[in-house]
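Trainee: below is the structure, and that's it, no one-letter string:
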């Protein structure tokens, strides 16, 4: 019995020592990153994650599921791999150990959403760019809870107010919607919308504004949330609850000229539905990485009168990564987000409808598209005249 206790104690001490001497991820000065995991009994370990793997070119939207890149056993207990170099940004990843998906046990930074969580790391931007941790005036990120009579429950709402927010002044509002894989906090926790706004304000590239980030899953994703009924319910919740809550509790410009709405992927589709169903409410509409395959048929009445369309909106923005094929489906002839938005752009151009069309080269359906679309293009275009 004493020998058994001693052996278990020795085993615990030895395993603790191994973990204490192992780090992951390790960020190298040349931009390369080393990942390690202690798994002495594992037969194989892979480094996976859509975000990182697509950036490195190992997989792309529209392709078959990709497990990841095989890690090599560097000693009797540890698997490791080095990738890169990577540019300054935040990356998500996970490990697959003998076909079981796990987080990096040596990394405390975890990203959560409506999908399985991921480990994450950041290569800091030292160039004072829009994602840099800079010594500038910072706004405030508020977490609010409101009751939705549409889905009969309390719902989260994240609201950014700019530095020096003054309740006696009136601010324009951007309603910023997340995608199917995200939740209400995602635009701040991994999209860094508040950091982006702080930095752009410091550089005098945008006007002070309020940014509202709601939960787009009126129906939980596990219960069929990615469907037309979800969009319909969210539209009702937005009009009846979210917009009134914001305008009753924050100092907003409560007219069309002071409102903008934008979203990514699922949120881009919701943006199109809400924005064009309620053109009396918004002067600015932005769609990121949402194909909108039915836009020309669903909005035929608007397209038939381009002069009126142009009067109704100060900005119709569409942006996408050039290799984004999310939504591709040969059966329904859906060609993926990039091709469908290109076709929409050509239709709008041919009919004389004013719009802004941005394509990011060699970027897929990831935050590597959505952060720059917000920071470099859409947000600086708002309320400039």
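Mentor: Received, thanks. Just so it is clear, the structure is predicted and the values come from calculations on it, not from any experiment.
Trainee: in stretch 64-77, what counts as buried?
Mentor: 68-69, 71, 77 (16 or more other CB atoms under 10 Å). C-beta coordinates here come from the backbone N, C-alpha and C atoms, glycine included.
Trainee: which of those residues lies closest to residue 86?
Mentor: Among the buried residues of stretch 64-77, residue 69 lies closest to residue 86 (CB to CB), at 13.9 Å.
Trainee: that closest one is in contact with residue 52, isn't it?
Mentor: No - counting by CB atoms under 8 Å, residue 69 sits too far from residue 52 to count as a contact (9.4 Å).
Trainee: next helix or strand past the helix or strand encompassing residue 287?
Mentor: Take DSSP states H and E as the rule and residue 287 turns out to sit in strand 284-288. From strand 284-288 onward toward the C-terminus, using DSSP H and E, the following helix or strand is helix 295-298.
Trainee: quick one: low-confidence parts of this protein?
Mentor: Across the chain, the ranges flagged by pLDDT under 70 are 1-21, 221-228, 328-334.
Trainee: on that earlier part again, next, show the common contact partners of residue 69 and residue 52.
Mentor: residue 83 (CB atoms under 8 Å, 6 or more residues apart in numbering).
Trainee: phi and psi next, for residue 352.
Mentor: Note on residue 352: its backbone torsions stand at phi 80, psi 20 [degrees, to the nearest 10].
Trainee: burial check on it, number of neighbours?
Mentor: 11 (other CB atoms under 10 Å).
Trainee: how near is the nearest residue to it once chain neighbours are set aside to residue 327?
Mentor: Counting by CB to CB, 6 or more residues apart in numbering, residue 352 lies nearest to residue 306, which is 4.3 Å off, once chain neighbours are set aside. The gap separating residue 306 from residue 327 is 26 Å, by CB to CB, to the nearest Å.
Trainee: what are the boundaries of the strands in the stretch 1-150 of the chain?
Mentor: 26-27, 33-38, 45-48, 69-70, 72-73, 78-83, 89-97, 100-102, 110-111, 118-123, 140-148 (DSSP state E, counting those that start in this stretch).
Trainee: partner strands of the first one, with direction?
Mentor: Going back to what we said before, that points to strand 26-27. In the sheet containing strand 26-27, its partner strands are strand 33-38 (antiparallel), by DSSP bridges.
Trainee: let me see the ranges of the helices in the chain.
Mentor: For the chain, the helices defined by DSSP state H cover 2-21, 50-56, 186-189, 193-202, 228-237, 243-249, 266-277, 295-298, 300-303, 306-312, 337-351, 367-372.
Trainee: neighbour count winner among residue 306 and residue 327?
Mentor: A direct count of neighbours by other CB under 10 Å for residue 306 and residue 327 places residue 327 higher, at 23 against 15.
Trainee: coming back round to it: of the buried residues of stretch 64-77, closest to residue 252?
Mentor: Lowest distance from residue 252 to the buried residues of stretch 64-77 (CB to CB) belongs to residue 68, with 45.2 Å.
Trainee: from residue 229, how far off is the nearest residue to the closest one once chain neighbours are set aside?
Mentor: Nearest residue to residue 68 in three dimensions, chain neighbours excluded: residue 48, at 3.0 Å (CB to CB, 6+ apart). Going from residue 48 to residue 229 by CB to CB gives 32 Å.
Trainee: with residue 342 instead?
Mentor: 29 Å.
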